[in-house]
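Chemist: 3D, please:
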Amino acid sequence: MPLRVNIDTPDGKAWTEYFPFEGGSTPALYVIRADGEQMYGRSGSPANLPQFLNEQLKNAGEIPTKKQLALLARASDEASRLYLDDELDAAVDKVKPFAEANSYALPCVQLKRLAEQFAERGEEAIATAGESMRREQPTLKDALLLARTMRTFEDLPGIQQVRNDTLSRIVNTEDKRRLLAQAEMIDEAMRLEEDSADARAAKLYRDLLEQYPQGEAARLARDRLVSLGDEADGPRDHTNSAPSEPDLP
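Modeler: Prediction:
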């Protein structure tokens with residue numbers, strides 16, 4: 001959007017204080033990104049103005065359509081509301097698709113700021129959950145807490161590095177890695193159950209039993225298969241009760 005500013009007026013002086021330009025003489029050309037970031041400010045006009053403007057547009061991010069802006073604004077509002085209602089998991093899910101969006105439109109900027117805020121919470125939560133895995137013999141409950149926390153915040157900025165650091169520092173024995181692998185399968189299967197994808201959940205439970213036939217995770221997988229009405233090492237039961245798991249904090 002073109003904008004003319006007379007720098008001899010009070011508003012113009014305030015403009016040049018906030019957006020200084022090189023050269024010192026007028027007229028001067030500015031390019032201001034949608035989020036208010038100054039991309040260019042210099043006296044005179046570029047030799048090839050159309051080419052210059054095309055290059056600036058390439059660096060200004062994608063320009064959403066009206067429909068996309070409405071969707072972005074709705075997602076931002078819903079994520080903020082969910083966060084205020086202390087529904088962090090749902091809020092994080094709302095912002096994940098936009099965490100790396102190449103746009104500087106206001107609702108997209110708001111979503112990326114929320115993503116950064118949630119990523120800070122995620123770093124703290126993963127560090128806290130990881131502490132329970134430091135003990136010599138962590139439990140399935142400990143591993144489930146870490147697996148669930150990492151899944152909740154995955155795909156947010158910087159979380160992959162936090163995850164890798166936590167695994168290398170804390171989940172550093174074969175027994176702990178095996179326990180976390182089982183917990184991640186249980187966690188994913190329970191998530192599928194919550195989404196009513198029972199067939200996929202049952203397959204994951206069966207995969208777990210095939211890979212890890214003994215232990216607490218295997219017992220939990222068998223119980224869930226029975227509740228889902230699938231074949232397990234026990235009586236067949238067609239009730240579809242809510243997933244039962246070790247109590248998490």
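Chemist: now the top helix by length along the chain: buried residues?
Modeler: Once the chain is assigned using DSSP state H, the helix that runs over the most residues is helix 106-131. Applying a neighbour-count criterion of 16 or more other Cβ atoms under 10 Å, one finds 107-112, 114-115, 118-119, 121-123, 125-126, 129-130 buried in helix 106-131. C-beta coordinates here come from the backbone N, C-alpha and C atoms, glycine included.
Chemist: between the next helix-or-strand element following that helix and helix 106-131, how big is the angle?
Modeler: As assigned by DSSP states H and E, the chain's next helix or strand after helix 106-131 is helix 140-153. Using axes from the mean of the first three to the mean of the last three Cα atoms, to 10 degrees, one finds that helix 140-153 and helix 106-131 are set 160 degrees apart in direction.
Chemist: rewinding a little: which elements pack onto the longest helix of the chain?
Modeler: When contacts are defined as 3 or more Cβ pairs under 8 Å, 6 or more residues apart in numbering; DSSP states H and E, helix 106-131 sits against helix 66-84, helix 88-95, helix 140-153, helix 159-169.
Chemist: what's the offset of it from the middle of its chain?
Modeler: In terms of Cα atoms, centre = their mean, to the nearest Å, the gap separating the centre of helix 106-131 from the centre of its chain is 7 Å.
Chemist: now stretch 5-17
Modeler: For stretch 5-17, the separation from the chain centroid amounts to 41 Å (computed by Cα atoms, centre = their mean).
Chemist: can you tell me what sits against that stretch?
Modeler: Under the contact criterion Cβ atoms under 8 Å, 6 or more residues apart in numbering, stretch 5-17 has outside partners 26, 28.
Chemist: so the residue minimising distance to the centre of the chain is in which element?
Modeler: For the chain, the residue nearest the mean C-alpha position is L156 (3.2 Å; Cα atoms, centre = their mean). For L156, there is no enclosing helix or strand under DSSP H and E.
Chemist: show me what contacts it?
Modeler: Taking Cβ under 8 Å, 6+ apart as the criterion, L156 is in contact with 92, 95-96, 99, 115, 118-119, 122.
Chemist: make it 7 Å
Modeler: Taking Cβ atoms under 7 Å, 6 or more residues apart in numbering as the contact definition, L156 lies against 92, 96, 99, 115, 118-119, 122.
Chemist: from A47, how far out is it?
Modeler: In this structure, L156 lies at 43 Å from A47, with Cβ to Cβ, to the nearest Å as the measure.
Chemist: can you give me the distance of the closest residue to Q160 other than its chain neighbours to D93?
Modeler: Distances taken as Cβ to Cβ, 6 or more residues apart in numbering place E154 nearest to Q160, at 7.4 Å, with adjacent residues excluded. Taking Cβ to Cβ as the measure, E154 falls 11 Å from D93.
Chemist: circling back to that earlier point, turn the contacts of L156 into JSON lines, columns for distance to M185 and pLDDT.
Modeler: Written out in JSON lines, the entries for the contacts of L156 read as follows (distance: Cβ to Cβ, whole Å; pLDDT from 0 to 100):
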{"residue": "V92", "distance to M185": "21", "pLDDT": "95"}
{"residue": "K96", "distance to M185": "22", "pLDDT": "93"}
{"residue": "A99", "distance to M185": "26", "pLDDT": "87"}
{"residue": "A115", "distance to M185": "27", "pLDDT": "94"}
{"residue": "F118", "distance to M185": "25", "pLDDT": "95"}
{"residue": "A119", "distance to M185": "25", "pLDDT": "95"}
{"residue": "G122", "distance to M185": "21", "pLDDT": "95"}
